[in-house]
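A.B. asks: Sequence plus predicted model, see below.
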Amino acid sequence: MADTAGLQPGNLVMGPARLYIYRFAFDPTLAYEPALTDVNLAPAASAWYDTGITLGGTDVSVESKWTPLTGDQLVDKLGARLTDRDIKVTGNLSEMTRTNLAYAWNMTAGPTGANYAVSDLNAGQTANRAPYRTLMVDGLGPDVTDGSRSLKRRAILRKALPSGNTKLSWTKTDQQVLAIEFQTFFVSETVSPIRIIDEA
């Protein structure tokens, strides 16, 4: 990656990412995270579910709100403090599997039979205690300095819940996609809610 001054075409990035969801509930020890040196390798399928084909891109967004510090004697803002932050993953899943739907809607597997399989939304008093999930977005980053190949960039969102408006929509002329949004939450004072790893 070229961080030097001047025009660096190798720093331009284009291309889709792969979205993975950790198959098990969030673990605050983070022991399941792939090693930093494995940034260019697909994660183990036994632990990470590959959501498959997407349509329209996968976004990792950070929205920060800064509240200004002011004073009666001055017209200018004196500074600011970060008072709110939203970290999200959004995208459209094109593979309309029951597993993708279960993760997007926080559903559990119900009964199955010879010609059917059931998924249910969680209900009852404990429906407000959904399991937190960890998401991993594997995409491209800037090229190596000599431009010989693109390096990988991985984003791990450590503690997330499905949020936003998701729907199944059947239309005559449009391919069906499952819109997803996962909101990330506080982990601890020493663990960032999101980690970005660049291959070097």
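C.D. replies: It's in. In this text, all values refer to a predicted model and were calculated from it rather than measured experimentally. Numbering: from 1, shown residues only.

A.B. asks: Quick one: end-to-end distance for stretch 153-171.
C.D. replies: The first and final residues of stretch 153-171 sit 36 Å from each other (CA to CA, to the nearest Å).

A.B. asks: who's in contact with stretch 75-87?
C.D. replies: Under the criterion CB atoms under 8 Å, 6 or more residues apart in numbering, residues 60-71, 157, 183-184, 193-194 lie in contact with stretch 75-87. Where you see a C-beta, it was placed from the backbone N, CA and C, and this is true even at glycine.

A.B. asks: List the buried residues in the helix or strand hosting residue 84.
C.D. replies: Remark: residue 84 resides in strand 79-93, with elements defined by DSSP states H and E. Residues 87-93 are the ones in strand 79-93 that count as buried (16 or more other CB atoms under 10 Å).

A.B. asks: Likewise for stretch 96-115?
C.D. replies: 99-105, 107.

A.B. asks: Relative to residue 20, which of those residues is nearest.
C.D. replies: If you rank those by distance to residue 20 using CB to CB, residue 103 comes first, at 10.7 Å.

A.B. asks: Now do the same for residue 127: helix, strand or coil?
C.D. replies: At residue 127 the chain is in helix, as set by DSSP: H, G, I helix; E, B strand; the rest coil.

A.B. asks: How much space separates it from residue 121?
C.D. replies: 8 Å (CB to CB, to the nearest Å).

A.B. asks: what about the nearest residue to residue 137 once chain neighbours are set aside, helix or strand, and which?
C.D. replies: The spatially closest residue to residue 137, leaving aside those adjacent along the chain, is residue 155, at 4.4 Å (CB to CB, 6 or more residues apart in numbering). Following DSSP H and E, one finds residue 155 within strand 150-162.

A.B. asks: quick one: strands adjacent to that strand?
C.D. replies: strand 133-143 (antiparallel), strand 178-184 (antiparallel), strand 194-198 (antiparallel) (DSSP bridges).

A.B. asks: and those as JSON lines, adding mean pLDDT?
C.D. replies: As requested, those are exported to JSON lines (pLDDT from 0 to 100):
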{"stretch": "strand 133-143", "mean pLDDT": "93"}
{"stretch": "strand 178-184", "mean pLDDT": "95"}
{"stretch": "strand 194-198", "mean pLDDT": "96"}
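
A.B. asks: Compare those and give me the one nearest residue 38.
C.D. replies: Residue 38 lies closest to strand 194-198 among these, at 9.2 Å (CB to CB).

A.B. asks: Pull the number of nearby residues for residue 21.
C.D. replies: Counted with other CB atoms under 10 Å, residues neighbouring residue 21 total 21.

A.B. asks: where's it relative to residue 67, distance?
C.D. replies: Where residue 67 is concerned, residue 21 sits at a distance of 34 Å (CB to CB).
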